[in-house]
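Engineer: For reference, the sequence and a predicted model appear below.
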Amino acid sequence: MTRMHRALLGTLGAALLLALAVLTPSLATRASACAFLRTPQAYEADSGRTAYFQAMDAAATDNIFPGDANFGMPAVEVGTRAGRQPGLHQMPPSLLRSIGWVESNLSMAARSVPFRSTGAALVSFDCGHGIMQITSGMTVPLGSNNQPTSAQSNIATHYVYNIARGAAMMAAKWNEAPELSPIAGTDTNSNPTIIENWYFALWRYNGFTGPGANISNHPLDPVFSNPREAWRCDGSQSRTRYPYQELIYGCLQNPPSYQGARLWTPVAASLPNLTQPQYFTPLSVQNFVFPYSGMDMPTPAPGHAEPAPNVPADFRARALGSPVPAVDGPPVQLRLDAGPAAAKATVRIRNGGTGILVWSATPSANWIVVDPPAGVSLGPDVPCDGASGCSPLTTITISMNPVLLPNAASSGTVTIAGTNAAGAPATVTVTVKADFDTGAPGTSRAY
Amino acid sequence: MAWSRRAPFVVGVIALIALLGAGALVLRMRSANTPANDLGARLIFAEFSTNADRVYIAPATDPAQRTTITTIDHVAEWGINPAIAPAGTTVAYTVLPTTTTNPRADSPAELWTLDVATGAKVRLAGDADLRVSPVFDAKGTQLVYRSSASGGKQSLIRIDLPAGTRRPLYEAETAFGMFPVGFSQGTLVFATLSSTGTDFFSVLGGAPPTMLFHASDQLARDWRISPSGDALAYLAPVISAERVAYRLHVAKLTGGATSPTRLGNGDTEQYGSAWRPNGDAVTVGQQPAANGYASAQTLPVANGSSTTLTPPPRGFDQPLGWSTDGTALAARSFDGTSSAAPGRETTIVIDAGQRRVVSGSGDIIYFGWMPAGATNK
C-alpha cells in the first residue's frame, strides 16, 4: 500500500468515523431518558384497561408483591394524630384508577403505541414513567456502572410493576401523616378505606404547597374560581382552574369514556364543604404551618367506604406468568469500513415462557450502543394484536459509538437479562473491526 | 355600428354605478358576516377545547351570533388564563405552549396579547405563572404579570408595551403568593397571601412597596379595582359558629389610611364582584334562599339603594364584568344551592332584563367587553 493509498484510506476512515459519530444517537439523550440512556419499550394492554384495573385491585390490597420494598403495599396507618398505628395493607383501588387517568390517561406506552401492542414507553420530561407517572427513583440510573436497576426496568416497561409502585407510593404519602402532613378523618379514626380520607395524600402526591404558589393545590387559593363546578373528567374543562385532588375525585364520580363506554362505574365521593367551619378552619391559611397539625379535619361528608375488591387467588401467577428470556442471533460483528449497514446488527429477544418478560440489555463498554436498552417480550398468553403491528419478539439494535472505540479491533459484550425472570442472562459477543489505526479514545489518526 | 361621442361617457356612468353597487353589496355582505360590529355591547370570550381555545366576540343581545377572532393552541387539557380585564381592544393571557412536555401548573407559561380589533397576537414572555392573571394599567400601555423561580421567589414584572421593555417591579421570597391586582394613581396594587391572611400593597418601580391595608385574616379573593382606580372590591370570608360565607368588601385606595367596609346586608354567601362602569356600585351574586334561586345584586358604594338583576330560574349568579356602556353583565350561573353544591355552570349575559346563555361544548373563558364604538376583526 502506497503512502498515498494509506492517506486516502485514513481520510475515508476518519470521514466514516465522523459520519457515524453524527448519526449515532447522542449521549445527550440521557437527560430526556432519565433512568435510561434511551427510551425503553413497554407493553400497552387492552383499550378497556381491564388488565390495568385488575392489577390495581390486586396492588391496592397487596396481593402482588407482599413484603417487597419497592412494590409491596406497606401497612397503611390509622388513627388520629396522637394514636397513629399500622393498619391493613390496603387502599381504595378506585383512587388508583382515577390517578392513572389523570396522570397518563391510563397509558403505559406513548400515545402512538396501539393497544395490545408494544412500543416506546411513556416517559415524561421530568422522568415520570408509565401509567402512574412514577418519578421518584426514576430520574437517574441507580444500578452499578451507571446502569438502570431491575426495579427501574420493571417500572418503566411492565404495567403490573408500575401500578404496584404507584400504589406503594400513595400509601407512603398517606403514611407521611402526621409527621409531615395533616390527617383527614379525625372523626373516623382516619380509616383508609374511606375514599375522602385520602384528600391530603392526594394533595401531597402532586405537591403540597401553600396557597399562591405556582403549583398550589389549596382549594381556597384565589387562583381557583369559586364556586366552581365539579371536575367532569370529559375533556370539556381546563385543568388550569382545578386543584389536583379535585381532578381525582371528579374522575371518580365522572368516569372517562373510551369509544363511548365508561371505563368504570361512577364512585361517589365528597369534597370538604368549605362553607362549614369544621372544614374551612383547618384549611385556613394560619394553619398552613409545618407540621400542619392544625389542618387535621373530619372526613368530608358523607364519607364513602370502599370495600376491598375480590382478587382471584391466581391473579399474581396469571399477571406475572413465568417469563424465560431467550436470545436469538449469532455473535455480532460490526465493521466500520463497509458502509453504515455493516456498522450495526440486530438481536432478537424472545420470551420462552409466559407473561411479560422484562429484559435489560447492558453493554460491557461505553462504545457499544444498545437500543432500546430495556423492553418487553411477550409470552403466548399475552394479547398481542398482530394487525396493529405487535410482535411478541423484540428486536434490539447493537451499534457503536466510533469516537469511543479504544482500538481499531475491539470486542465487548451485551448482557441481556430478564429483570423479572429467573435464569442466567444471555451474553452476546460484539466485535468491531475498523480498518485503520486509532489513537486515544475520542481521536483517530489518519495516515 | 358607429360609436357616438357620448358613448364613453355613458359607459363610464354605467361602470361607476356598477362599481358603487358592487361596493354596497360587499359592505352589506360584510355587515351580515360580522353582526357583532353593529350591536352595542359585545362580549369577548373563548371556548375551551382540549388542544386549543377559540376566541370570539358576540353581541350581548345574541351571544350565538359570534364571530371568531382567533384560535389559541395550548398543551392538551390546560386552557388559557386571561388578564383580569382588557385594555381597549387588547386582551392578554397566559398559556402553556404546545411544546410543553409533562405539563403541570408550575410549567413556565407564555404571556401574550391579542388585539381583538385586528386579530394580531404578540408573545411577550415565556416565564409567566399560568394561573396568575396579568393586569393592564388604565391606558393599556403597561402589563404586569407574575413569574416564579425555584426556591419560592416570585416576581411581579412590568412590561412597557410601546417600548417593548420589561423589568421587575417587586420580588420576594414567599411560601405563599402575591398577585397583581391592578393600577391606582399610576402605581401597581398587588395582594400578598401569608399565614396572617391577605394584605394589599402598592408599588412604584424602584421603591419599596407601601402597605395599603390588611384585607382579611383569611384568603380574600375576586379582587377588582374600580374603573377610576380609587377603590378596591373583594370577597373575604366571614366566619360564624356554624358557617363560613364570603362577603363583599370595599376599600378606598386614595386619601391615606383606609379600612375596608362590608357591603350588603345579611350573612349569606356572595359571589364574584363586578364594578359598574361609573364606579358607584358593585354587583355581586348571592346564595339562593328557600325558593331555590337568587338574583345578582348591585350594591351602591356610598349612597343609594341596591337593585337586583333578572334572577336565574334556579340557582345563583357569579358576576364577571359589566359592559363598558353598562347595559350588559356577563356572569357565571350555577343551578345549585351554594358554593358547596354549585351544580352545573353556564356563562350568561344579562341584558335588558333578558338572560342569554353563551353556549359552548367546553368551558367558556371570560375576557371582558369591547369598548363602545370599537370595531373588531
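Structural biologist: Perfect, I can see it now.
Engineer: for the chain, what spans make up the helices?
Structural biologist: By default, I'm working from chain A. A:3-23, A:30-33, A:50-60, A:93-104, A:150-157, A:159-175, A:199-206, A:244-253, A:277-280, A:315-320 (DSSP state H).
Engineer: nope, chain B
Structural biologist: With helices called from DSSP H, chain B shows them at B:7-33.
Engineer: coming back round to it: if it's not too much trouble, I'd like the helices of chain A exported to CSV so that distance to chain B, mean neighbour count and mean pLDDT sit alongside each entry.
Structural biologist: Every C-beta, even on glycine, is put in place using the N, C-alpha and C of the backbone. Output for the helices of chain A, formatted as CSV (distance: least, Cβ to the nearest Cβ, whole Å; neighbours: other Cβ atoms under 10 Å in any protein chain shown; pLDDT from 0 to 100):
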stretch, distance to chain B, mean neighbour count, mean pLDDT
helix A:3-23, 25, 14, 45
helix A:30-33, 9, 15, 44
helix A:50-60, 20, 24, 98
helix A:93-104, 10, 25, 97
helix A:150-157, 15, 26, 96
helix A:159-175, 16, 26, 98
helix A:199-206, 8, 24, 95
helix A:244-253, 8, 23, 98
helix A:277-280, 4, 19, 98
helix A:315-320, 28, 16, 96
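Engineer: Mind checking the ones you listed for the one nearest to residue B:54?
Structural biologist: Nearest of these to residue B:54, taken as Cβ to Cβ: helix A:244-253 at 23.5 Å.
Engineer: Skipping adjacent residues, who's closest to the residue of the stretch 201-350 of chain A found nearest chain B in space?
Structural biologist: Using Cβ to the nearest Cβ, residue A:212 is the residue of the stretch 201-350 of chain A that sits closest to chain B, at 1.7 Å. Computed as Cβ to Cβ, 6 or more residues apart in numbering or on different chains, the closest residue to residue A:212 that is not its neighbour in sequence is residue B:177, at 1.7 Å.
Engineer: a markdown table please, covering the helices of chain A and showing distance to residue A:332.
Structural biologist: Output for the helices of chain A, formatted as a markdown table (distance: least, Cβ to Cβ, whole Å):
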| stretch | distance to residue A:332 |
| --- | --- |
| helix A:3-23 | 16 |
| helix A:30-33 | 23 |
| helix A:50-60 | 35 |
| helix A:93-104 | 35 |
| helix A:150-157 | 22 |
| helix A:159-175 | 29 |
| helix A:199-206 | 44 |
| helix A:244-253 | 47 |
| helix A:277-280 | 64 |
| helix A:315-320 | 31 |
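Engineer: can you tell me which of those comes nearest to residue A:261?
Structural biologist: The nearest among the helices of chain A, by Cβ to Cβ, is helix A:50-60 at 11.4 Å.
Engineer: Let me see the domain layout of chain A.
Structural biologist: A:7-32+A:321-433, A:42-315 (automatic domain parsing).
Engineer: Give me whichever of the ones you listed is most buried.
Structural biologist: domain A:42-315 (a mean of 20; mean count of other Cβ atoms under 10 Å in any protein chain shown).
Engineer: hang on, isn't the residue of the stretch 201-350 of chain A closest to chain B packed against residue B:195?
Structural biologist: No - the pair residue A:212 / residue B:195 is not scored as a contact, 11.3 Å apart, by Cβ atoms under 8 Å.
Engineer: between those two, what contacts are shared?
Structural biologist: Between them, residue A:212 and residue B:195 share these contacting residues under Cβ atoms under 8 Å, 6 or more residues apart in numbering or on different chains: residue B:176.
Engineer: wait, isn't residue B:62 in contact with residue B:356?
Structural biologist: Yes - counting by Cβ under 8 Å, residue B:62 does reach residue B:356; the two are 7.1 Å apart.
Engineer: ranges for the strands of the stretch 301-447 of chain A?
Structural biologist: Per DSSP state E, counting those that start in this stretch, the stretch 301-447 of chain A carries strands over the ranges A:325-328, A:332-335, A:344-351, A:356-363, A:368-371, A:374-378, A:394-400, A:409-418, A:426-433.
Engineer: Present these as a markdown table; the columns should include distance to residue A:269 and mean pLDDT.
Structural biologist: Shown next, in a markdown table, are the strands of the stretch 301-447 of chain A (distance: least, Cβ to Cβ, whole Å; pLDDT from 0 to 100):
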| stretch | distance to residue A:269 | mean pLDDT |
| --- | --- | --- |
| strand A:325-328 | 43 | 91 |
| strand A:332-335 | 55 | 92 |
| strand A:344-351 | 40 | 95 |
| strand A:356-363 | 33 | 96 |
| strand A:368-371 | 44 | 94 |
| strand A:374-378 | 34 | 97 |
| strand A:394-400 | 41 | 94 |
| strand A:409-418 | 40 | 93 |
| strand A:426-433 | 49 | 93 |
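Engineer: Residue A:273 is nearest to which of these?
Structural biologist: When these are compared by Cβ to Cβ, strand A:356-363 sits nearest residue A:273, at 44.7 Å.
Engineer: now the angle from that closest one to strand A:394-400?
Structural biologist: With axes from the mean of the first three to the mean of the last three Cα atoms, to 10 degrees applied, the angle from strand A:356-363 to strand A:394-400 works out at 10 degrees.
Engineer: Please name every helix or strand in contact with strand A:356-363.
Structural biologist: In this structure, strand A:356-363 packs against helix A:150-157, strand A:344-351, strand A:368-371, strand A:374-378, strand A:409-418, with contacts taken as 3 or more Cβ pairs under 8 Å, 6 or more residues apart in numbering or on different chains; DSSP states H and E.
Engineer: Make a markdown table from these and add distance to residue B:166 to it.
Structural biologist: What follows is those, written out as a markdown table (distance: least, Cβ to Cβ, whole Å):
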| stretch | distance to residue B:166 |
| --- | --- |
| helix A:150-157 | 41 |
| strand A:344-351 | 50 |
| strand A:368-371 | 44 |
| strand A:374-378 | 45 |
| strand A:409-418 | 52 |
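Engineer: hang on, the earlier thing: looking at residue B:62 and residue B:356, which one has more neighbours?
Structural biologist: residue B:356 (20 against 14; other Cβ atoms under 10 Å in any protein chain shown).
Engineer: Spell out which residues of the stretch 1-150 of chain B are next to chain A.
Structural biologist: Where the stretch 1-150 of chain B comes near chain A, counting by Cβ under 8 Å from any Cβ of the partner chain, the residues are B:48-50, B:77-81, B:101-102, B:104-106, B:129-132, B:148.
Engineer: Which members of these are classed as buried?
Structural biologist: The neighbour-count test (16 or more other Cβ atoms under 10 Å in any protein chain shown) marks B:48-49, B:77-81, B:104-106, B:129-132, B:148 as buried among these.
Engineer: Point out where the stretch 101-250 of chain A drops to low pLDDT.
Structural biologist: Within the stretch 101-250 of chain A, no stretch has pLDDT under 70.
Engineer: can you rerun that using 90?
Structural biologist: In the predicted model of the stretch 101-250 of chain A, residues A:124-126, A:143-147, A:207 satisfy pLDDT under 90.
Engineer: now do the stretch 201-350 of chain B
Structural biologist: B:205-207, B:241-242, B:254-259, B:264-267, B:290, B:303-304.
Engineer: so which of the helices of chain A gets nearest residue A:111?
Structural biologist: helix A:93-104 (9.8 Å).
Engineer: For the residue in chain B that chain A sits nearest to, give me its contacts.
Structural biologist: Residue of chain B nearest chain A, by Cβ to the nearest Cβ: residue B:177 (1.7 Å). By Cβ under 8 Å, 6+ apart, the contact set of residue B:177 is A:210, A:211, A:212, A:213, A:214, A:216, A:221, B:132, B:146, B:154, B:192, B:193.
Engineer: Now, the residues you listed that are in strands?
Structural biologist: Within the contacts of residue B:177, residues falling in strands by DSSP state E are B:146, B:154, B:192, B:193.
Engineer: Compare those and tell me which is most surrounded.
Structural biologist: Neighbour max across the ones in strands among the contacts of residue B:177 (other Cβ under 10 Å) = residue B:193, 29 neighbours.
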